[in-house]
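Colleague: Turn this into a model:
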Amino acid sequence: MILRRLIVGRLHTNCYIVGCEETKEALVIDPGGDAPVILEAIRELKVAVPYIVLTHFHFDHVLAADPVRTQTEALLAIHEAEAELLANPPVLFRLFSPQGLHGIIADRLLHEGDVLQVGRLEVHVLHTPGHSPGSISLWLPQEKVVFCGDLLFREGVGRVDFPGGDQQALLQSIREKLFSLPYDTVVYPGHGPETVISHERHHNPWVGDGGAVSL
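Modeller: Below you'll find the predicted structure:
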């Protein structure tokens with residue numbers, strides 16, 4: 001598997017390029033800024049990009065989506081629950097970035113259980129709401145990796161105070177969707193370092209098996 005992590009934008013968002021070694025097809029996950037950096041990485045890796053996938057609609061995960069889409073001719077995909085929010089972002093985002101109000105129209109709407117074929121890689125869509133209504137995680141069973149946006153971090157969880165955030169839904173998504181994955185699954189979050197499902201189950205103070213507490 002091809003895997004390149006780029007830290008982009010003012011909020012240091014993790015943008016991932018994930019691809020098939022055999023076919024050199026790759027998807028871009030969460031192009032949150034710095035489009036030239038992302039495009040240069042795509043050129044260095046010599047990959048074709050059929051899809052750009054947004055784990056959720058928040059500005060720090062989407063600001064480079066349009067320029068990357070234009071240059072790669074990829075299809076831009078987001079969960080169906082967030083298509084309207086992506087097209088008409090909350091005014092609140094102006095406080096964080098003047099570009100945060102720039103609406104984007106998705107090319108493909110995703111649903112729970114969808115599978116994106118990227119070369120020989122199968123990318124399974126898990127609907128994992130809580131941080132936002134249509135947050136998704138992308139699970140690659142062959143590789144035992146999951147890209148979860150801002151749902152789960154190393155020993156932390158995503159915030160729920162943006163429009164559409166839901167504390168109980170977030171905890172349920174983690175416990176029922178992510179914690180049902182194999183223990184040795186590597187978790188690649190939207191910010192910060194990667195972690196492993198087994199570590200979070202035992203050591204995450206918000207949702208771990210070692211004594212969960214409320215947000």
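
Colleague: List the buried residues in the host helix or strand of residue 83.
Modeller: Assessed by DSSP states H and E, residue 83 sits inside helix 83-87. Neighbour-count burial for helix 83-87, counted by 16 or more other CB atoms under 10 Å, picks out 83, 85-86. Bear in mind the C-beta positions are built from the backbone N, C-alpha and C, glycine included.

Colleague: Looking at these, which one is closest to residue 36?
Modeller: Using CB to CB, residue 86 comes nearest to residue 36 of the buried residues of helix 83-87, at 22.4 Å.

Colleague: Now do the residue lying closest to that closest one once chain neighbours are set aside, the pLDDT please.
Modeller: Among residues not flanking residue 86 along the chain, residue 57 sits closest, at 4.4 Å (CB to CB, 6 or more residues apart in numbering). pLDDT for residue 57: 94.

Colleague: which SS class is residue 57?
Modeller: coil (DSSP: H, G, I helix; E, B strand; the rest coil).

Colleague: Distance-wise, check it relative to residue 23.
Modeller: Look at residue 57 and residue 23: by CB to CB, to the nearest Å, they are 29 Å apart.

Colleague: coming back round to it: distance check, the residue nearest to residue 86 against residue 76.
Modeller: Applying CB to CB to residue 57 and residue 76 gives a distance of 11 Å.

Colleague: So for these two, which sits in the more crowded spot?
Modeller: The residue with more neighbours, out of residue 57 and residue 76, is residue 57; 29 against 21, by other CB atoms under 10 Å.

Colleague: what's that one in contact with, if anything?
Modeller: The contact partners of residue 57, taken as CB atoms under 8 Å, 6 or more residues apart in numbering, are 78, 82, 85-86, 89, 132, 134.

Colleague: Residue 65: what's it in contact with?
Modeller: Contacts of residue 65 by CB under 8 Å, 6+ apart are 31, 52, 54, 76, 104.

Colleague: check contacts around the third one.
Modeller: When you say that, I think you mean residue 54. Taking CB under 8 Å, 6+ apart, one finds 29-30, 61-62, 65, 76-78, 82, 86, 106 in contact with residue 54.

Colleague: nearest residue to it other than its sequence neighbours?
Modeller: residue 78 (4.4 Å).

Colleague: and the strand or helix carrying that neighbour, what does it pack onto?
Modeller: In this structure, residue 78 sits in strand 75-79 according to DSSP H and E. On a contact count with 3 or more CB pairs under 8 Å, 6 or more residues apart in numbering; DSSP states H and E, strand 75-79 meets strand 48-53, helix 65-72, strand 108-110.

Colleague: Which strands or helices does the first one pack on?
Modeller: It stands for strand 48-53. strand 25-29, helix 65-72, strand 75-79, strand 115-118.
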